[in-house]
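Student: sequence and predicted structure are below.
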Amino acid sequence: MATQTDYSIFEMIRIMKETYKKDLTVYDDAFLVKALERRMTGINVGKLDYPLYLQENRHEADCLMASFQITYSQFFRNPLTFAVLEQCVLPHLLSQKPENGEIRVWSAGCSTGQEAYSIGILLDEMIKSSSKPMRFRIFATDLAQDALGAAKTGIYDENSVANIRMKYLKSHFIKQGEAYTVAPGLKQKIDFSEYDLLDSHSSNPPDSIFGDFDIIFCCNLLFYYCIDVRRAIVKKLKRSLAEGGYLVTGETESTFVGKDEDLKMLSSGAPIFQINR
Ligand SMILES: C[S@@+](CC[C@H](N)C(=O)[O-])C[C@H]1O[C@@H](n2cnc3c(N)ncnc32)[C@H](O)[C@@H]1O
């Protein structure tokens, strides 16, 4: 039998769909319940009153939608992932590419840009120290416009850059007072653009023209969504991977992807998968 809590949640889902054309059923149940509870506690409205409040208050509906967008990010966020990329994946990719070839990366759900800049730093360093001339291009996308704005600006405070090795901080950032700005040379190699991974009309960011990515990052966003949506996102990312390309997820998200028969985990511990179609 449905509890009162279930009933209130169904009611909120219905109101968001009918009044505001927003589909909350795409989200993971536990994630959705937590977000709704956080919102109700934040504005001090009980769960029995909240549906009517939501119905009559468009601003609240906007705030609720915004509360689903968690944009926390970090440079070199999962150290083990970046170590495996640096020591195994990138050297292998470089050795496979022809002279003057291009390594293509997509940071899907890039938030404020740290993930894209982190892989950009590693690629830049590796290509500089290689005798083979090579280029790289990073496409970084998100649906949160504020986060994308910050990513494009590329200015971070001292705490945010704490995970970056000193030599990379010196070579890829310009320090101005307390702030660190990404150097133009690195910025030029990254295109930030708006793209919703749930968009069913395109399979990769339009700016990238075609997919064929050597590495796709999709970290710390799959857990937002229900199983069907996670599957649809992974299917889309698989289509955009080049033959033998790599999909990188968040630490806790590898179990969602691990069941896919076309994706093989490289080594246990690091959530990096290679496609084998
Ligand atoms: C927690 S952040 C993770 C940022 C970065 N990938 C990392 O791991 O540090 C999740 C990001 O995914 C974005 N996101 C969530 N759903 C998305 C979707 N359907 N399409 C594009 N971006 C999405 C959010 O806006 C947010 O910026």
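Tutor: Okay, I see it.

Student: quick one, domains of the chain?
Tutor: 4-67, 79-154+183-275 (automatic domain parsing).

Student: out of those, deepest packed?
Tutor: Using mean count of other Cβ atoms under 10 Å, the stretch among the domains of the chain with the greatest mean number of neighbours is domain 79-154+183-275 (a mean of 18). Quick note: C-beta positions are derived from backbone N, CA and C, even for glycine.

Student: right, is that domain up against the ligand?
Tutor: Yes. Counting by Cβ under 6 Å from any ligand atom, the ligand is contacted by domain 79-154+183-275 at 109-111, 115, 142-144, 147, 196-198, 219-221, 224, 250.

Student: let me see the mean pLDDT of that domain.
Tutor: On average, the pLDDT along domain 79-154+183-275 is 94.

Student: tell me the contacts of the residue lying closest to residue 263 once chain neighbours are set aside?
Tutor: By the measure of Cβ to Cβ, 6 or more residues apart in numbering, the closest residue to residue 263 outside its immediate chain neighbours is residue 273, 4.0 Å from it. With contact set as Cβ atoms under 8 Å, 6 or more residues apart in numbering, residue 273 has these partners: 246-249, 254, 257-258, 260, 263-266.

Student: tell me the secondary structure at residue 273.
Tutor: Secondary structure state of residue 273, per DSSP: H, G, I helix; E, B strand; the rest coil, is strand.

Student: ok, it to the ligand distance?
Tutor: 16 Å (Cβ to the nearest ligand atom, to the nearest Å).

Student: first vs last residue of stretch 98-106, how far apart are they?
Tutor: Criterion Cα to Cα, to the nearest Å; first-to-last residue distance in stretch 98-106 is 20 Å.

Student: what's that stretch in contact with?
Tutor: The contact list for stretch 98-106, computed with Cβ under 8 Å, 6+ apart, reads 93-94, 97, 116, 119, 123, 132-141, 204-205, 208, 211-217, 240, 242.

Student: before we move on, back to that, so which of the residues of domain 79-154+183-275 next to the ligand are in helices?
Tutor: Within those, residues falling in helices by DSSP state H are 115, 147.

Student: out of the residues of domain 79-154+183-275 next to the ligand, which are inside strands?
Tutor: When DSSP state E is applied, the residues of domain 79-154+183-275 next to the ligand are split such that residue 142 fall in strands.
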